[in-house]
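Chemist: coordinates for the following, if possible.
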Amino acid sequence: MKQRNSDLWKRIKQQRFLLMMVLPGMVWLLVFCYFPMYGCQIAFQNYRITDVLGSSEWVGLKWFAKFFKDPLFMQVMKNTLGISLLKLLFGFTAPIIFALLLNEIRNIKFKRVVQTLSYLPHFLSWVILGGIMITWLSDTGVINKALIAMGVLEEGISFLAKPEYFWGISVISEIWKELGWGAIIYLAAISGIDPSLYEAAEIDGANRFQRLWYITLPEISGTIAILFILQVGSIMGSNFDQIFVLHNALNDSASNVVDMFVYKIGIGNGSYSYATAIGLFRSVISLVLLLIANKVTEKLEGSSLF
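Modeler: You can find the predicted model right below:
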């Protein structure tokens with residue numbers, strides 16, 4: 001035991017500069033992720049803003065029951081799951097396909113230009129991109145002008161005023177913003193594949209598609225599995241920044257997701273206990289989905305997050 005402790009401290013001393021680089025991230029995690037968990041107790045209390053944390057009247061599962069009985073419960077869950085599942089289906093697969101296509105480009109300069117342009121939107125906030133989307137999707141915006149010019153529409157449509165278009169707008173704009181950035185990790189995984197595998201397959205007569213299907217995809221399947229688990233864990237969240245910017249009174253029936261509902265209840269109405277209960281419910285469901293996805297992926301792929 002003494003020898004083990006001695007080795008541990010020796011390793012810590014040797015890697016002290018690397019550990020110092022990790023320290024800011026650990027502090028951020030504690031301050032913004034772990035310390036606030038103490039406040040989750042107000043989900044079981046009748047908390048008021050003037051109360052000292054922990055001194056409010058305990059009401060048990062009152063706020064959880066209220067959420068399940070709320071007339072908007074089904075609408076909120078439907079919008080949250082609908083948008084998130086569409087993003088999982090299209091938003092998760094799009095960066096994989098894009099990375100595979102980029103990897104097939106042989107002109108290095110052209111490949112770099114395409115990659116740079118594709119991940120540039122990631123560095124813009126949703127406030128900026130949301131403003132661009134609102135302008136483009138207005139009845140006099142560039143999208144309407146293009147559709148009218150092509151004869152698809154006779155007159156402009158205010159897309160964000162139509163609830164039936166909101167889910168599609170949310171998914172497409174998310175893909176546009178994160179496509180290039182999401183492909184980076186897959187390109188990194190592809191670059192780690194042994195080139196001799198491709199050389200051997202080429203000698204055996206495999207074409208480019210066969211090499212992609214039988215070598216590239218299986219070799220990066222572990223990376224895909226890990227990112228899929230993380231994506232499933234965020235199904236109950238629908239990217240609040242994006243929804244908040246694109247939301248308006250006219251599309252509320254399609255954009256009122258859990259995060260927006262919590263914002264309205266907590267910040268708008270000042271019902272902090274109710275909002276905390278909804279947020280805690282969402283976190284518990286996300287944890288359950290994460291554990292299920294992790295177990296299923298481990299059984300099917302042999303790779304898991306933990």
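Chemist: sketch out the strands for this protein, chain order is fine.
Modeler: 45-46, 57-58 (DSSP state E).
Chemist: out of the ones you listed, indicate the one that is most buried.
Modeler: Among those, strand 45-46 has the highest mean neighbour count (mean count of other C-beta atoms under 10 Å), at a mean of 18. C-beta here means a position set from N, CA and C on the backbone, and glycine is covered the same way.
Chemist: and it, how far from the chain's centre?
Modeler: Centroid separation for strand 45-46 versus its chain: 31 Å, with C-alpha atoms, centre = their mean, to the nearest Å.
Chemist: also stretch 192-201?
Modeler: Distance of stretch 192-201 from its chain centroid, counting by C-alpha atoms, centre = their mean, is 32 Å.
Chemist: stretch 31-39 now?
Modeler: Remark: stretch 31-39 is offset 21 Å from the chain centroid, using C-alpha atoms, centre = their mean.
Chemist: for stretch 36-51, same thing?
Modeler: 27 Å.
Chemist: with stretch 215-227 instead?
Modeler: 19 Å.
Chemist: ok, which stretches of the stretch 151-300 of the chain are helices?
Modeler: Taking DSSP state H, counting those that start in this stretch as the test, the helices found in the stretch 151-300 of the chain are 163-191, 195-203, 208-211, 217-219, 221-233, 240-246, 252-255, 258-263, 272-301.
Chemist: closest to Asn144 out of the ones you listed?
Modeler: helix 163-191 (12.2 Å; C-beta to C-beta).
Chemist: could you give the mean pLDDT of that closest one?
Modeler: The pLDDT scores in helix 163-191 average 93.
Chemist: list the buried ones in that helix?
Modeler: Using 16 or more other C-beta atoms under 10 Å as the test for burial, helix 163-191 gives 165-167, 169-171, 173-180, 182-187, 189-190.
Chemist: before we move on, back to that, rebuild the strands of the chain as TSV, extending it with distance to Gly268 and mean pLDDT.
Modeler: Output for the strands of the chain, formatted as TSV (distance: least, C-beta to C-beta, whole Å; pLDDT from 0 to 100):
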stretch	distance to Gly268	mean pLDDT
strand 45-46	19	92
strand 57-58	23	91
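Chemist: nearest to Val31, out of those strands?
Modeler: strand 45-46 (23.1 Å).
Chemist: and that closest one, what other elements does it pack with?
Modeler: strand 57-58 (3 or more C-beta pairs under 8 Å, 6 or more residues apart in numbering; DSSP states H and E).
Chemist: what about 10 Å?
Modeler: strand 57-58, helix 62-69, helix 272-301 (3 or more C-beta pairs under 10 Å, 6 or more residues apart in numbering; DSSP states H and E).
Chemist: highest mean neighbour count out of these?
Modeler: Neighbour counts (mean count of other C-beta under 10 Å) averaged over each of those peak at helix 272-301, with a mean of 17.
Chemist: pLDDT of that helix, averaged?
Modeler: 89.
Chemist: who are the packing partners of that helix?
Modeler: So helix 272-301, by 3+ C-beta pairs under 10 Å, 6+ apart, packs with strand 45-46, helix 62-69, helix 73-86, helix 221-233, helix 258-263.
Chemist: helix 73-86 and that one, what's the angle between them?
Modeler: Angle, helix 272-301 to helix 73-86, by axes from the mean of the first three to the mean of the last three C-alpha atoms, to 10 degrees: 40 degrees.
Chemist: helix 272-301: how far from the chain's middle?
Modeler: In terms of C-alpha atoms, centre = their mean, the centre of helix 272-301 is found 14 Å from the chain centre.
Chemist: before we move on, what about stretch 92-111?
Modeler: Here stretch 92-111 is found 21 Å from its chain centre; the criterion is C-alpha atoms, centre = their mean.
Chemist: quick one: mean pLDDT for it?
Modeler: For stretch 92-111, the mean confidence score works out to 91.
Chemist: how about it as CSV, C-alpha atoms only?
Modeler: In CSV, the C-alpha atoms belonging to stretch 92-111 read as follows (Å, rounded to 0.1, in the frame of the first residue of the first chain):
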residue,chain,number,x,y,z
PHE,A,92,-26.4,12.6,-35.9
THR,A,93,-26.0,10.8,-39.2
ALA,A,94,-25.2,13.9,-41.3
PRO,A,95,-21.7,14.5,-39.9
ILE,A,96,-20.8,10.9,-40.4
ILE,A,97,-21.8,10.9,-44.0
PHE,A,98,-20.1,14.3,-44.5
ALA,A,99,-16.9,13.0,-42.9
LEU,A,100,-16.9,10.0,-45.2
LEU,A,101,-17.4,12.1,-48.2
LEU,A,102,-14.7,14.6,-47.2
ASN,A,103,-12.3,11.7,-46.7
GLU,A,104,-12.8,10.7,-50.3
ILE,A,105,-11.7,14.1,-51.6
ARG,A,106,-8.2,13.8,-53.0
ASN,A,107,-7.6,17.5,-53.7
ILE,A,108,-6.2,18.6,-50.3
LYS,A,109,-6.7,22.4,-50.9
PHE,A,110,-10.3,21.9,-52.0
LYS,A,111,-10.9,19.6,-49.0
